[in-house]
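> Structure for this input, please:
(one chain, ligands or ions: 2)
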Amino acid sequence: MNSSQDTIYATAHTQVADFAFDDRVAGVFSDMIKRSVPGYGQIVATIGDYAKRLVQPNSNIYDLGCSLGAATLSIRRHIEGRHCRIIAVDSSEAMIDRCRENLAAYVSHTDVELKCADIRDIQIENASLVVLNFTLQFLPPEERDALLSHIYQGLLPGGALILSEKLRFSDDTIQQLLDAQHLDFKRANGYSELEISQKRSALENVMKTDTLEQHYARFTNAGFTHANVWFQCFNFASMVAVK
Ligand SMILES: Nc1ncnc2c1ncn2[C@@H]1O[C@H](C[S@+](CC[C@H]([NH3+])C(=O)[O-])CC(=O)[O-])[C@@H](O)[C@H]1O
Ligand SMILES: O=C(O)C(=O)Cc1ccccc1
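Ligands and ions are numbered 1, 2, ... in the order given. Model prediction:
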């Protein structure tokens, strides 16, 4: 997978534009997400383990907001021979183009349908696994409930949703503490104060985080009766919900 170093926010911008998944970001995304999201590598690898356990023969798997295809690749390695189809969706053409190359680099007999589309326009059917790995946080907050209900409707009995998100906390002390730990993680990975603060401004309007309580309420609202966090490091968590 592409490993060019992320230097997007390394030089001072007079005005920081809203963050977008354009060609420049796609070109450094693998480096950016590993250096920015604590636990990302473990989460991606473990999504493959969940797939091995949960994916049903002849079913569909959805990777919504697939970026460069990390989760799809992890899933695909674990489900060969189950006659499944993976539908990997992203609205960024730059991501999809690179994702196609990444998928082609490995031999597989599992069909992957790559779609450059908005995840709100995707039909979900016959699904045993749906993955939203750090994607829901980029949807307008008022549209998140509808997407989760739609996913629930398309899941088979026993099917699961894996939802990874950056979290916000209603307790100010915890919010400040875990945010400070995350910033230290970014510093330890070589990001400067300028890079950290410019990226923070860029994300302000486009990434609105929810609290864990909001996520649990949304799962319940959508119809899920089983849901829990399975991974958390600071203000980043991954949850699993089962139908
Ligand atoms: N409405 C939308 N429709 C389709 N795609 C969207 C939409 N909104 C955002 N995206 C896409 O969601 C992805 C979010 S990144 C996911 C990482 C990946 N899951 C991974 O496992 O490496 C997470 C991050 O950057 O923090 C981007 O590629 C967007 O283009
Ligand atoms: O970088 C950050 O501070 C984040 O919150 C995570 C992130 C990672 C990659 C793209 C957008 C946000």
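> In three-state terms, label the closest residue to F185 other than its chain neighbours for me.
The shortest distance from F185 to any non-neighbouring residue, by Cβ to Cβ, 6 or more residues apart in numbering, is to P38 (5.0 Å). Every C-beta, even on glycine, is put in place using the N, C-alpha and C of the backbone. Under DSSP: H, G, I helix; E, B strand; the rest coil, P38 falls in the coil class.
> so what's the closest residue to R168 other than its chain neighbours scoring on pLDDT?
Closest residue to R168 in three dimensions, ignoring its sequence neighbours and counting by Cβ to Cβ, 6+ apart: T209, at 4.1 Å. Looking at T209, its pLDDT is 98.
> Identify the residues contacting T209.
T209 makes contact with 137, 165-168, 235, according to Cβ atoms under 8 Å, 6 or more residues apart in numbering.
> cool, L148 as well?
161, 218-219, 221-222.
> swap the cut-off to 10 Å and go again
Applying Cβ atoms under 10 Å, 6 or more residues apart in numbering, we find L148 in contact with 130, 132, 136, 161, 163, 215, 218-224, 241.
> Tabulate those residues (CSV), appending pLDDT, secondary structure and distance to ligand 2.
Listed next are the contacts of L148 as CSV, based on pLDDT from 0 to 100; DSSP: H, G, I helix; E, B strand; the rest coil; distance: Cβ to the nearest ligand atom, whole Å:
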residue, pLDDT, secondary structure, distance to ligand 2
V130, 99, strand, 21
L132, 99, strand, 14
L136, 98, helix, 13
L161, 99, strand, 21
L163, 99, strand, 15
H215, 98, helix, 16
R218, 98, helix, 20
F219, 98, helix, 22
T220, 98, helix, 26
N221, 98, helix, 25
A222, 98, helix, 24
G223, 98, coil, 29
F224, 98, coil, 25
A241, 99, strand, 22
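> In a strand, Q56, correct?
No - applying three-state DSSP, one finds Q56 to be coil, outside a strand.
> Need the per-residue pLDDT for N2.
Listed pLDDT for N2 reads 50.
> count of neighbours near the closest residue to A51 other than its chain neighbours?
Among residues not flanking A51 along the chain, I75 sits closest, at 4.1 Å (Cβ to Cβ, 6+ apart). Neighbourhood size, I75 [other Cβ atoms under 10 Å]: 28.
> next one: S4
S4 - counted by other Cβ under 10 Å - has 12 other residues nearby.
> quick revisit: let me know the helix or strand that the residue nearest to A51 is in.
helix 70-76 (DSSP states H and E).
> buried stuff in the longest helix out of those in the chain?
Longest helix in the chain, counting residues (DSSP state H): helix 172-188. Judged by neighbour count using 16 or more other Cβ atoms under 10 Å, the buried positions of helix 172-188 are 178-179, 182-183, 185-186.
> same thing with stretch 62-78?
62-76, 78.
> touching ligand 2 at all, it?
No - contact of stretch 62-78 with ligand 2 (Cβ under 6 Å from any ligand atom) is absent, the minimum separation being 9.1 Å.
> Show the end-to-end separation of that stretch, please.
One end of stretch 62-78 sits 15 Å from the other (Cα to Cα, to the nearest Å).
> So for it, mean pLDDT?
Stretch 62-78 comes out at a mean pLDDT of 98.
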